[in-house]
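> predicted model, plus sequence, below.
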Amino acid sequence: MKNSTLPTKQENNAVATRENTRTLTPPVDIFDAGDALVVVADLPGVDQEHIDINIEKNVLTLKAEPSTRVSEPRLLNEFALYPFYRQFQLGEMVDQEKVRAELRYGVLTVYLPKVAEKQPKKIEVKVG
Amino acid sequence: MRNFWDPFREFEALYREMEQLFDQVNPVRRIFGRITDGPLSASYPLMNVGEDKDNVYVEVLAPGLNPDSIEVSVLNDQLRIAGEKAPLKTDIRPEAFYRCERGSGRFVRTLTLPVDVEADKVTADYRNGILLVTLPKQAAAKPKQIAVKVN
């Protein structure tokens, strides 16, 4: 059979990345809490309704839109807030249905529970 | 008065220009601290200060503070802000961390205010990780509107 010279449509497997705007990368702590992965991110100035957490093709995307400032910082200007954006590649171990998140004092905590069979199993050693 | 050439002052100016240049290239640095540590680097927490005709507004970028630890005080023209960024629970094993970027601990920062303020009417509001301090200006510090008479 003759090979087709037409280009085959390739499925784009990439997850959407950020739009071409200025964004900030929030600092994070990520640790393994045994039955879950925990991602803690500093997102100052962000309201709960302006946070977008998305998991697609094992990529965790954090997007957040800070609200506007109170006054024009004419006397001292040390920071400016832009939308926050960060992505993480997750392993197969995360149970995506059970992900939950909470926002407290500008800190977002995302709990990513592990799939039950990926949790460490304790094997008892019998001493005969 | 400075009437001799001071090479260190020249270096300082150059240093400051370099810092500004780096800030332009990487805005994250401006928010989450500078790489270089020294008398010219911004201290923690970062602040924005603005004013209108009645108030001075100080915005402090400090997510994750323990709300009970925040202390705001005004003495003469000095505003002092102290607090503690709450640490994560301590029972996490060090080897369980994949990323550790946020840091924690106590801080103090003082700021010299540009005008006299009414120290007992200062309000502070901690919301979404940003502390907003509103300092009402003393009557003497407010601009006075002068009526122009037209003959």
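Yep, that arrived.
> just the closest residue of chain B to chain A, please.
At 1.6 Å from chain A, residue B:129 is the closest residue in chain B, using CB to the nearest CB. In short, each C-beta sits where N, CA and C put it, glycine included.
> burial of that residue, as a residue count?
Counted with other CB atoms under 10 Å in any protein chain shown, the neighbours of residue B:129 add up to 23.
> for residue B:98, same thing?
Applying other CB under 10 Å, we find 13 other residues in the vicinity of residue B:98.
> contact partners for residue B:137?
By CB atoms under 8 Å, 6 or more residues apart in numbering or on different chains, the contact set of residue B:137 is B:51, B:53-56, B:115-118.
> how about the residues of chain A by chain B?
By the rule CB under 8 Å from any CB of the partner chain, the part of chain A lying against chain B is A:22, A:24-25, A:27-33, A:37, A:40, A:42-47, A:67, A:69-82, A:104-107.
> buried ones among the residues you listed?
A:24-25, A:27-32, A:37, A:40, A:42-46, A:69-71, A:73, A:75, A:78-79, A:81, A:105-107 (16 or more other CB atoms under 10 Å in any protein chain shown).
> what about those, which are in strands?
With DSSP state E as the criterion, strands contain A:28-32, A:37, A:40, A:42, A:46, A:107 from among those.
> reformat those residues as a markdown table; add pLDDT.
Output for these, formatted as a markdown table (pLDDT from 0 to 100):
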| residue | pLDDT |
| --- | --- |
| A:28 | 93 |
| A:29 | 92 |
| A:30 | 93 |
| A:31 | 92 |
| A:32 | 89 |
| A:37 | 90 |
| A:40 | 94 |
| A:42 | 93 |
| A:46 | 92 |
| A:107 | 94 |
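> which of the residues you listed sit farthest apart?
In those, two members sit farther apart than any others by CB to CB. They are A:32 and A:46, at 25.6 Å.
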